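Asks: A predicted structure for the sequence below; I have some questions about it.
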Amino acid sequence: MLHKLVSADSDTILENVALIEQLEVTKETSNVIQEKQVQAKVTEKEINESREWYRPVAAEGAMLYFLLIQLWIIDHMYQYSLESFQNFFFKAIEKTEENEDYE
C-alpha cells in the first residue's frame, strides 16, 4: 500500500479506487485497534483491582504451604500431600482395634 502511495501520480491518486478502498480499510482497522486498546486498559485495571482482593489469601496460602513443606523435618510422614495423609489416616483408623479406654 505504501508503495502504491509513493508510486502514484499526484494527479491520479484520487482516481485510484483500489488504493482509496485500501486506505479506508486501513483506517477502519486502526479505529478498531484503538477501541480494543481502550478496552484492554479498562480490563487490565479491573484485573489489577481483583488481584488485590486475593493477595492476602495468596500470601497466607503461600506461608502455610511453605510451613507444611518444612514439617518433614519433624516427621517424614509430613512429606506426603494432604490427600495422601488423609488416606493413610483413615486407613489407620479402620485397621485400629476397638478400645474402650478413650485415654
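Replies: In hand now; what should we look at?
Asks: alpha carbons only for contacts and neighbour counts from here, please
Replies: Noted.
Asks: in which helix or strand would I find the spatially most central residue of the chain?
Replies: Nearest to the mean C-alpha position of the chain, by C-alpha atoms, centre = their mean, lies I47 at 9.7 Å. Counting by DSSP states H and E, the element that carries I47 is helix 17-70.
Asks: I'd like the distance from that helix to the chain centre, please.
Replies: 10 Å (C-alpha atoms, centre = their mean, to the nearest Å).
Asks: likewise stretch 64-81?
Replies: 28 Å.
Asks: export it as PDB, just CAs?
Replies: What follows is stretch 64-81, C-alpha atoms only, in PDB (Å, rounded to 0.1, in the frame of the first residue of the first chain):
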ATOM      1  CA  LEU A  64       1.000 -22.300  55.100                       C
ATOM      2  CA  TYR A  65       2.400 -24.200  52.100                       C
ATOM      3  CA  PHE A  66       6.000 -23.500  52.900                       C
ATOM      4  CA  LEU A  67       5.400 -24.200  56.600                       C
ATOM      5  CA  LEU A  68       3.900 -27.600  55.700                       C
ATOM      6  CA  ILE A  69       6.800 -28.300  53.400                       C
ATOM      7  CA  GLN A  70       9.200 -27.800  56.300                       C
ATOM      8  CA  LEU A  71       7.300 -30.200  58.600                       C
ATOM      9  CA  TRP A  72       9.000 -33.200  57.000                       C
ATOM     10  CA  ILE A  73      12.000 -32.200  59.200                       C
ATOM     11  CA  ILE A  74       9.900 -33.100  62.300                       C
ATOM     12  CA  ASP A  75       8.400 -36.300  60.900                       C
ATOM     13  CA  HIS A  76       8.800 -37.900  57.500                       C
ATOM     14  CA  MET A  77       5.100 -38.600  57.400                       C
ATOM     15  CA  TYR A  78       4.500 -34.900  56.600                       C
ATOM     16  CA  GLN A  79       6.300 -35.100  53.300                       C
ATOM     17  CA  TYR A  80       3.200 -36.600  51.700                       C
ATOM     18  CA  SER A  81       0.400 -34.500  50.300                       C
END
